[in-house]
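Chemist: following is a predicted model, sequence given first.
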Amino acid sequence: MPGITDLNIIAPLVALTAGGLVVIVADLVTPRRLARPWTYGVAAAAVLVTAWYVADAWQAVQAGPLTAFAGAVVVDKLSVALAGFLLVAALSVVLMSAADRERDMSGFLSLILLGAAGMTVLGAAGSLMVLFVSLEVFSLGLYALIAFHRERSEAREGAFKYFLLGSVASGFLLYGFALMYGATGTLSLAGLAEYAAAGAISPLYHGGFALAVVGFAFKLALVPFHMWAPDAYQAATPAVTAFMAVGTKGAALAALARFAWAAVPHDPQLAGKYMAPLAVLAVLSMLAGSLSALFQNNLKRLLAYSGITHAGYLLIPIIALQDNGMRLTVFYLFGYMFMTLGAFAVITALQFRGEQGDDLLANEGLWQRRPWMAGLLAFFFLAMAGMPPTAGLTGKLLLIGGGLQAGAGGLIATLIVSTAISAYAYLRVVLAAFRPAGAGRDEATAAAMAPMGGGDGTDAPSPWSSAWIDVGLGVVLVTAVAGTLALGVFPETLLSALEGLLPPR
Amino acid sequence: MPGFAIEGYVIVSVVLFALGIAGVLVRRSPLVMLMAIELMWGAAALLFLAFARQFALMDGHVFSFLILVVGAAEAAIGLGLIVLLFRAREAVDVDEVRELRG
């Protein structure tokens, strides 16, 4: 019988969801002039209150995993670590979106908070039903968030493409779940784990697992199911793109790991066959992602391909089904989050100052115009390329070490090759920012002068709010730099906390 | 339970799912593609119902209801996006929607 204990266990989710609803109410009851500060205040407060509950939950799960609602939600170290990860991402995105000129932001903030709640549940899903519903909760939110700017036609196009392919992916996932249900007669991951451990796997189950993997691959944008990602990333505003890149990847990887840990048969030969398609997808993503990134002139598109490549890296411990391997994935996820949030925050800050921001050619000569921004841009892209002493290098070294231990030599070789290729793609961005302004600059600055987001200039924030926006962006940038460096220099602190995220199979 | 043959339901569901995939791949009208996606979801719901009946379990029934509810939300968002697209231009063909590429 679900009762007050269950609600206690999922308190962070209740807080986050309530925050998403209170934001809308706050917009309705406050005077129009004050609506914007109030909604932002409520959204930030909701994230902070949730963080307080998450800290509490982190203490509680040290003793062992908790389950709520008859096993439908599993609160263990993995789900709480993911919740913390998502809160940092959500707060940064809220702060970044303050630079947005659209006047009515309460719906946007509400969707961010509810989307973060959906992602948190996805990482804590203990049954296929919860997995599907939470996946849809944040996917539906993201479709709307991408299309948020009413005037920009490319936003609608990107949102529509993402919507079509995302729905097809959900169809595959659902059909796979239905087949697995038919084979096992249970929807809970614990039940699937029993079936997988017992042997005697029916063909229905093989097919179901394969279809579910296709669904996950779409959501993670693994090659060849990645076609939507560059378009959707380019179409959205930098804040939304950052949320999509970081949040979706974290939540879907956690859910995939939980699903694979339960559903992959224990017979080692069969387990190898189950994971082989995922290994092929990871190799394709690492290679195709880094090669395509070489030819991108739009930074958001480039970061989309970088995200595809990173999804391949992050899959390695999951494919190896390594005991205690998930901590390497989550560690690198944290590093990826700081680097990606930082890069998008720089783009946001540039756009806020009237630059085009996300165009490689328009960024030429950035060093002369805005030395600080150019330096930060270079820092985040070099960190992604694996510059010491940043999380980009430490995370990759940890993945390599873990992969060699698990005997995944082929995947590790691909990771190294792909890192070398994508280093060149990232360096192009850095070089462009430090190159003197070239011939392409005139038209680029002309385009940059056009008001961003289709605003007609009357919505421009007042100097007072502009100072606040700068403070918010500064907080995001400082956090991102500090996080990237701290994870690179002191990896042990986070790594030891992430010990034993998933029980050994 | 006399007269309940699971095979029939599974075959119908597979046919529906295949039709849905074919529809998404072949048809170019956004509306028809949305309908094809709904067909894929419906096929999964039918499969859940058939298995739930076979096992005499309730959770499959609940899942199929969830699919209907989430499908309605999905259709609402999808139709909203299609309206936005149509308003921007007379796009009756998804191949004409291509500002973003690279």
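Modeler: Perfect, thanks for sending it.
Chemist: does chain B sit close to the helix or strand A:V133 falls within?
Modeler: Per DSSP states H and E, A:V133 falls inside helix A:128-146. Yes. Legend: contact between helix A:128-146 and chain B by Cβ under 8 Å from any Cβ of the partner chain is shown at A:128-129, A:132-133, A:136, A:140, A:143-144. From N, CA and C alone the C-beta is placed, and that goes for glycine too.
Chemist: buried subset of these?
Modeler: A:128-129, A:132-133, A:136, A:140, A:143-144 (16 or more other Cβ atoms under 10 Å in any protein chain shown).
Chemist: now the most centrally placed residue in chain B: how far from chain A?
Modeler: Central residue of chain B (Cα atoms, centre = their mean): B:E38, 2.0 Å from the mean position. Between B:E38 and chain A the distance is 9 Å, computed by Cβ to the nearest Cβ, to the nearest Å.
Chemist: what about the longest helix in chain B?
Modeler: Longest helix in chain B, counting residues (DSSP state H): helix B:59-88.
Chemist: any weak-confidence spans in the stretch 251-400 of chain A?
Modeler: Judged against pLDDT under 70, the stretch 251-400 of chain A has no low-scoring part.
Chemist: list phi and psi for the closest residue to chain B within it.
Modeler: Residue of the stretch 251-400 of chain A nearest chain B, by Cβ to the nearest Cβ: A:R301 (5.7 Å). The phi and psi values for A:R301, taken as degrees, to the nearest 10, are phi -60, psi -40.
Chemist: wait, it touches A:A232, no?
Modeler: No. Counting by Cβ atoms under 8 Å, A:R301 stays clear of A:A232, with 10.3 Å between them.
Chemist: show me which of these two is the more surrounded one.
Modeler: A:A232 (30 against 23; other Cβ atoms under 10 Å in any protein chain shown).
Chemist: need the contact list for that one.
Modeler: Residues near A:A232 by Cβ atoms under 8 Å, 6 or more residues apart in numbering or on different chains: A:146, A:158-159, A:161-162, A:244, A:304.
Chemist: helices or strands up against the helix or strand of chain B with the lowest mean pLDDT?
Modeler: Least confident helix or strand, chain B: helix B:59-88 with a mean of 91, by mean pLDDT, DSSP states H and E. Using 3 or more Cβ pairs under 8 Å, 6 or more residues apart in numbering or on different chains; DSSP states H and E, the elements in contact with helix B:59-88 are helix A:128-146, helix A:153-184, helix B:30-55.
Chemist: if I take the shortest one and helix B:30-55, what angle do their directions form?
Modeler: Translated: helix A:128-146. Helix A:128-146 and helix B:30-55 are oriented at 170 degrees to each other (axes from the mean of the first three to the mean of the last three Cα atoms, to 10 degrees).
Chemist: who does helix A:128-146 touch, helix- and strand-wise?
Modeler: helix A:106-123, helix A:153-184, helix A:238-243, helix A:249-263, helix B:59-88.
Chemist: ok, residues contacting the helix or strand in which A:F381 is found?
Modeler: Using DSSP H and E, A:F381 maps to helix A:371-385. Identification of contacts with helix A:371-385 by Cβ under 8 Å, 6+ apart yields A:306, A:339-340, A:342-343, A:346, A:349-350, A:363, A:366-367, A:390-393, A:419, A:422-423, A:426-427, A:429-430, A:433-434, A:477, A:480-481, A:484, A:488.
Chemist: one more time with 7 Å, if that's ok
Modeler: A:306, A:339, A:342-343, A:346, A:349-350, A:366-367, A:390-392, A:422-423, A:426-427, A:429-430, A:433-434, A:477, A:481, A:484 (Cβ atoms under 7 Å, 6 or more residues apart in numbering or on different chains).
Chemist: which of these are buried?
Modeler: Of the contacts of helix A:371-385, these count as buried by 16+ other Cβ under 10 Å: A:306, A:339, A:342-343, A:346, A:349-350, A:366-367, A:390-392, A:422-423, A:426, A:429-430, A:433-434, A:477, A:481, A:484.
Chemist: and chain B, which of the residues you listed contact it?
Modeler: Among those, no residue is within reach of chain B (Cβ under 7 Å from any Cβ of the partner chain).
Chemist: of those, which belong to strands?
Modeler: If you go by DSSP state E, those have nothing in strands.
Chemist: let's see which of these end up in helices.
Modeler: A:306, A:339, A:342-343, A:346, A:349-350, A:366-367, A:391-392, A:422-423, A:426, A:429-430, A:433-434, A:477, A:481, A:484.
Chemist: what's around residue 72, how many residues?
Modeler: Picked chain A for this. 23.
Chemist: wait, chain B
Modeler: 10.
Chemist: excluding sequence neighbours, find me the nearest residue to A:Y181.
Modeler: B:F51 (5.4 Å; Cβ to Cβ, 6 or more residues apart in numbering or on different chains).
Chemist: where does the prediction get shaky in the chain?
Modeler: Defaulting to chain A. A:1-3, A:150-151, A:438-464.
Chemist: nope, chain B
Modeler: B:1-3, B:88-94, B:96-99, B:101-102.
Chemist: one more pass at 90, please.
Modeler: B:1-7, B:27-30, B:82-102 (pLDDT under 90).
Chemist: contact partners for residue 26?
Modeler: Looking at chain A here, since you left the chain open. Counting by Cβ under 7 Å, 6+ apart, A:A26 has contacts A:38-39, A:42.
Chemist: wrong one, chain B
Modeler: By Cβ under 7 Å, 6+ apart, B:V26 has no neighbours at all.
Chemist: how close does it sit to chain A?
Modeler: 13 Å.
Chemist: quick revisit: of the helices and strands packed on helix A:128-146, flag the one that's most buried.
Modeler: Between the helices and strands packed on helix A:128-146, helix A:238-243 has the highest mean count of neighbours, a mean of 29, where neighbours are mean count of other Cβ atoms under 10 Å in any protein chain shown.
Chemist: using CSV, list the CA coordinates for stretch B:62-79.
Modeler: Coordinates of each C-alpha in stretch B:62-79 appear next as CSV, following Å, rounded to 0.1, in the frame of the first residue of the first chain:
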residue,chain,number,x,y,z
VAL,B,62,-2.5,-0.9,-16.9
PHE,B,63,0.5,-0.5,-19.3
SER,B,64,-1.8,-0.5,-22.3
PHE,B,65,-3.9,2.3,-20.6
LEU,B,66,-0.7,4.2,-20.0
ILE,B,67,0.2,3.9,-23.6
LEU,B,68,-3.1,5.4,-24.6
VAL,B,69,-2.8,8.3,-22.1
VAL,B,70,0.8,9.1,-23.1
GLY,B,71,-0.1,8.6,-26.7
ALA,B,72,-2.8,11.3,-26.3
ALA,B,73,-0.2,13.7,-24.8
GLU,B,74,2.2,12.9,-27.6
ALA,B,75,-0.4,13.6,-30.3
ALA,B,76,-1.3,16.9,-28.6
ILE,B,77,2.4,18.0,-28.8
GLY,B,78,2.8,16.6,-32.3
LEU,B,79,-0.3,18.3,-33.7
